[in-house]
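In: Have a look at this prediction, sequence included:
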Amino acid sequence: PLGLPGDHRFNVVLISLDSLRADHVGCYGYYRDTTPALDHFAAEGIRFANAISTSSWTLPTHLTMFTGRYQLSHGVVEDTMTLGPPVPTLPEVLKRQGYVTAGFVSGPYLAARYGYARGMDSYEDISARYSHRREARSAIVAPEVTEKALDWLDGHAQDRFFLFIHYFDIHYDYIPPPPYDSMFDPDYTGSVDGTNFIERADVNPKMKRRDLEHIVALYDGEIRFTDDHVAQVLERIDRLGLRDNTLVIIVSDHGDEFFEHGNKGHHRTVYDEVLRIPLLMRLPKGIGRGSVVGDQVSLVDLMPTILDILGIESPQGVEGVSLLPLVRGRPIDRDAIYAEFFDKRGFNLQVARRTPERKTIEHFNRLMHPRRRPIEVYDIARDPGEQHDLAAEPDEDVRAEITQLGQWLERRWRINRQVERASHGANRVEIDAETMQRLKSLGYVGD
Ligand SMILES: [Zn+2]
């Protein structure tokens, strides 16, 4: 807990900006003015400069936010699964503590059936109405998400509340509305645009640099568009007089790749362009104002940190740690954090072990990627772009890291089987044809 006298049961507003890479955020060093609201917010709060996600796609990472568990431990590793009943969620914990809870979300992998709505008094997915292929990912949803969230805030300013807001527009396709469509690359005259980002053949690793720059400018336009909506939420919190009793967190679930390692989009790898995320917190009463935490932290730490700030004990099975000691300048005793990527059939393809200096990636199921080496090792302190693989001559350190990775994974599989058994089949969902079509349109399924 914060150690303040009196009531620590602050309101919580958790804002997730889908697909936002940390290095495209102004306060994380980006050269464009993509995020004035986030930058201002960071100056009033705490910026975690080295925040790392637990995977590279929307479903398992958001459920990590909601459970404080890595994906094997919360159990939702593919989109035919839902959170098992034995796994407690953040809204459930807060609801039991008397919080009024609500979520306004805008992406198919935030649908209530995955378990997000458990413990929520109200939960609304704006994307649910887009059933046609590609509609869900090209629709502009931030204005409606914002309107609903602001209305909800107006009606609950006197309550003790938890509000979850998820913005999906930054996620491809990159089709920002005017003036954001031309904000960062007004002089482009080429033929490439941000539609059908995954399917279109002219967006490929060999495309002209100038055209790729345009795609990135459209991605940045989506970021600025979304940032302007976050600004409205922050402004309303102030106008309602909630600043001093509300914990506000702004985070992303993963980034996007622009061919740094030959791929586009996400749900492909565990390289840092998809794992590095912004994580900003504004604590009540100006605590930690303007501070920057340089330690490596994980998305798995989000839930235990929120609960620690509120003075609520984390439920059993939470794997992250509270980041509050770091805010106070005290270190956290932890060797490494991990990220996992599974393909849609639930095979374990890649697991990364990450320390501030090194990243070790182990590839499993090599039949599907026969050309990939089973191990990659990067000196991320000197080679943050992960371009020089050191695994060719594994030394003692590498072998020790691989052993630790294997032990960590073995433990996660044990937890996964426990959750599976205790769920008695209730962690599986039937996906109807229309929903499957929507998921396919995201480029996650069937490639
Ligand atoms: Zn996402």
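Out: In hand now; what should we look at? Numbers count the residues shown, from 1 in each chain.
In: as a whole number, average confidence for the top helix by length along the chain?
Out: Ranked by residue count, the top helix of the chain under DSSP state H comes out as helix 209-239. The average pLDDT within helix 209-239 is 98.
In: Check which helices and strands it sits against.
Out: strand 11-17, helix 36-44, helix 142-156, strand 161-167, strand 246-251, strand 257-258 (3 or more C-beta pairs under 8 Å, 6 or more residues apart in numbering; DSSP states H and E). All C-beta spots, glycine's among them, are computed from the backbone N, C-alpha and C.
In: roughly how far is the fourth one from the heart of the chain?
Out: What it means is strand 161-167. Centroid separation for strand 161-167 versus its chain: 14 Å, with C-alpha atoms, centre = their mean, to the nearest Å.
In: Direction included, what does it pair up with?
Out: Take DSSP bridges as the rule and strand 161-167 pairs in its sheet with strand 11-17 (parallel), strand 100-105 (parallel).
In: what does it contact?
Out: 11-18, 62, 90-91, 94, 99-107, 110, 116, 120, 141-142, 145, 149, 152-153, 156, 226, 229-230, 233 (C-beta atoms under 8 Å, 6 or more residues apart in numbering).
In: In three-state terms, label residue 51 for me.
Out: strand (DSSP: H, G, I helix; E, B strand; the rest coil).
In: Just list whatever residues bridge to it.
Out: residue 277, residue 297.
In: Please give the number of neighbouring residues around it.
Out: Residues near residue 51, counting by other C-beta atoms under 10 Å, number 25.
In: do you know how far it is from the ion?
Out: Using C-beta to the ion, to the nearest Å, we find residue 51 at a distance of 15 Å from the ion.
In: same question, residue 159
Out: Residue 159 is 29 Å from the ion, by C-beta to the ion.
In: Contact partners for that residue?
Out: Residue 159 neighbours (C-beta under 8 Å, 6+ apart): 11, 100.
In: so which of the strands paired with strand 161-167 comes closest to residue 350?
Out: Nearest of the strands paired with strand 161-167 to residue 350, taken as C-beta to C-beta: strand 11-17 at 23.1 Å.
In: out of everything not next to it in sequence, what's closest to residue 117?
Out: Spatial nearest neighbour of residue 117, excluding adjacent residues (C-beta to C-beta, 6 or more residues apart in numbering): residue 123 at 3.9 Å.
In: Could you grab the helix/strand/coil label for the residue in the stretch 201-350 of the chain that the ion sits nearest to?
Out: In the stretch 201-350 of the chain, the residue that lies nearest the ion is residue 253 (4.2 Å; C-beta to the ion). Classification of residue 253 using three-state DSSP returns coil.
In: so what pLDDT did it get?
Out: With respect to pLDDT, residue 253 has a value of 98.
In: now swap in residue 444 and tell me
Out: 59.
In: Near the ion, list only the ones from the contacts of strand 161-167.
Out: residue 18 (C-beta under 5 Å from the ion).
In: any low-confidence regions in the protein?
Out: For the chain, applying pLDDT under 70 flags the ranges 1, 4-7, 131-134, 344-348, 365-372, 439, 441-447.
In: Show me where it has its helices.
Out: For the chain, the helices defined by DSSP H cover 36-44, 58-67, 71-74, 90-96, 135-138, 142-156, 209-239, 272-275, 302-310, 324-327, 396-423, 433-440.
In: and the third one, C-alpha only, in CSV?
Out: I take that to be helix 71-74. Output of helix 71-74 as CSV, limited to C-alpha atoms (Å, rounded to 0.1, in the frame of the first residue of the first chain):
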residue,chain,number,x,y,z
GLN,A,71,-0.6,-16.8,-20.6
LEU,A,72,0.0,-20.5,-19.9
SER,A,73,-1.1,-19.9,-16.4
HIS,A,74,-4.3,-18.0,-17.2
